[in-house]
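In: pasting the structure only:
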């Protein structure tokens, strides 16, 4: 956290510069600061204070104009000293209700996460990222095996997070309805209530000690479920609002291209969001600004994120230019995280 070194006037001036630059993307001069901050001092006095802020590294002069722009250090200071009044348009009841209504209409976890991503992107007009809960830590709540024919069965696993995993398993030998029932009973006794990350090994262990006539079936189920869960174990990332970056003036073309390429690297995004090593704001939110990112490709951006936790943890966040309204973005992230937790909890209970 930036050391608390600014007096009240310098803090007012820094807040004014940041507020105006977020809106205009243009360097801010002393006369404009007087207007924005409603200061009862002359522009000359403000220029002296701005010179001090520049020396301290909170603002910089991008070229020969008299205007200044905030630095990453300046934004960090603002974030670490946010006040309730810094969000000029906190999420009202109507917008919260719209988020809740959109998310409550989801029929499954994937649709829920998709709707949460869309809501977050629409609220902020920035890139929204939602990382699905970790599958391995979830608990298997429902196990079902349904015969589809003499040589085919449907295996269905439902986690306590509400996520559904199903696979049609083709068999080398015919299996009777009675043996399908036996397999269902065995799986429910041994797999239900266990961690999803252990399911494949548990079923594989059952195959070795099962009656001879059930071993091929359990072996085929082990392979099919292992493939299904292995695919799902790679954390899913839902992305919305990528087009918002195209009009961002504070990112040069090279920075923009690198960020857009990074949005295709899902595993890298998961690590960036889950890491959350920047100073924490509030109980669970985090903000990573500019060069605080470990990834150099993100040095022109900021990431505002929060974990959500319903039986298994996931993350969501906003990726955008360093020049963003942090108070408003934090409000949106927290609101969507709250509704997402409620939706996942309800979905898990309803299974």
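Out: Nice, thanks for sending it over. Computed from a prediction, not measured in an experiment: that's the story for all the values here. Numbers count the residues shown, from 1 in each chain.
In: so residue 242 touches residue 259, yeah?
Out: No. Using Cβ atoms under 8 Å, residue 242 is not in contact with residue 259, being 9.1 Å away. No exception for glycine: its C-beta is placed from N, CA and C like everyone else's.
In: look at those two and report which has more neighbours.
Out: residue 259 (23 against 17; other Cβ atoms under 10 Å).
In: remind me which residues of this protein are low pLDDT?
Out: Within the chain, the ranges that satisfy pLDDT under 70 run 1-4, 84-93, 135-137, 227-235, 275-283, 310-312, 347-351.
In: tell me the domain ranges of it?
Out: 8-86, 93-134+235-350, 140-233 (automatic domain parsing).
In: going by contacts, tell me the helices and strands next to whichever strand or helix holds residue 307.
Out: Per DSSP states H and E: residue 307 is located in strand 301-310. Packing partners of strand 301-310 (3 or more Cβ pairs under 8 Å, 6 or more residues apart in numbering; DSSP states H and E): helix 266-275, strand 285-289, strand 312-321, helix 326-350.
In: relative to residue 253, which of the ones you listed is closest?
Out: strand 312-321 (13.8 Å; Cβ to Cβ).
In: show residues contacting stretch 263-270.
Out: Residues outside stretch 263-270 that contact it (Cβ atoms under 8 Å, 6 or more residues apart in numbering): 127, 129, 131, 234-237, 239, 242, 262, 295, 315.
In: show me where this protein has helices.
Out: With DSSP state H as the criterion, the chain has helices at 8-24, 30-37, 43-56, 72-80, 93-104, 109-124, 177-190, 199-209, 215-233, 253-262, 266-275, 326-350.
In: closest to residue 167 out of those helices?
Out: Here helix 215-233 is closest among the helices of the chain (Cβ to Cβ), at 4.5 Å.
In: who does residue 139 form a beta bridge with?
Out: Beta bridges link residue 139 to residue 195, judged by DSSP bridges.
In: from residue 194, how far out is it?
Out: Look at residue 139 and residue 194: by Cβ to Cβ, to the nearest Å, they are 7 Å apart.
In: same deal with residue 171?
Out: Residue 171 is 24 Å from residue 194, by Cβ to Cβ.
In: same check, this time on residue 34
Out: If you go by Cβ to Cβ, the gap between residue 34 and residue 194 works out to 66 Å.
In: who's more crowded, those two?
Out: Neighbours were counted for residue 34 and for residue 194 using other Cβ under 10 Å; residue 34 has more, 18 against 14.
In: from what I can see that one touches residue 46, true?
Out: Yes. The pair residue 34 / residue 46 is scored as a contact, 5.8 Å apart, by Cβ under 8 Å.
In: about what we covered before: reformat the helices of the chain as a markdown table; add distance to residue 166.
Out: Listed next are the helices of the chain as a markdown table, based on distance: least, Cβ to Cβ, whole Å:
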| stretch | distance to residue 166 |
| --- | --- |
| helix 8-24 | 47 |
| helix 30-37 | 57 |
| helix 43-56 | 59 |
| helix 72-80 | 44 |
| helix 93-104 | 23 |
| helix 109-124 | 13 |
| helix 177-190 | 14 |
| helix 199-209 | 13 |
| helix 215-233 | 8 |
| helix 253-262 | 32 |
| helix 266-275 | 23 |
| helix 326-350 | 16 |
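In: relative to residue 339, how far out is the nearest residue to residue 343 once chain neighbours are set aside?
Out: Using Cβ to Cβ, 6 or more residues apart in numbering and skipping the chain neighbours, the partner closest in space to residue 343 is residue 103 (4.6 Å). Distance, residue 103 to residue 339, by Cβ to Cβ: 5 Å.
In: any shared contact partners between those two?
Out: By Cβ under 8 Å, 6+ apart, residue 103 and residue 339 have these common neighbours: 116, 119.
In: tell me how many other residues surround residue 143.
Out: Residue 143: 23 neighbours (other Cβ under 10 Å).
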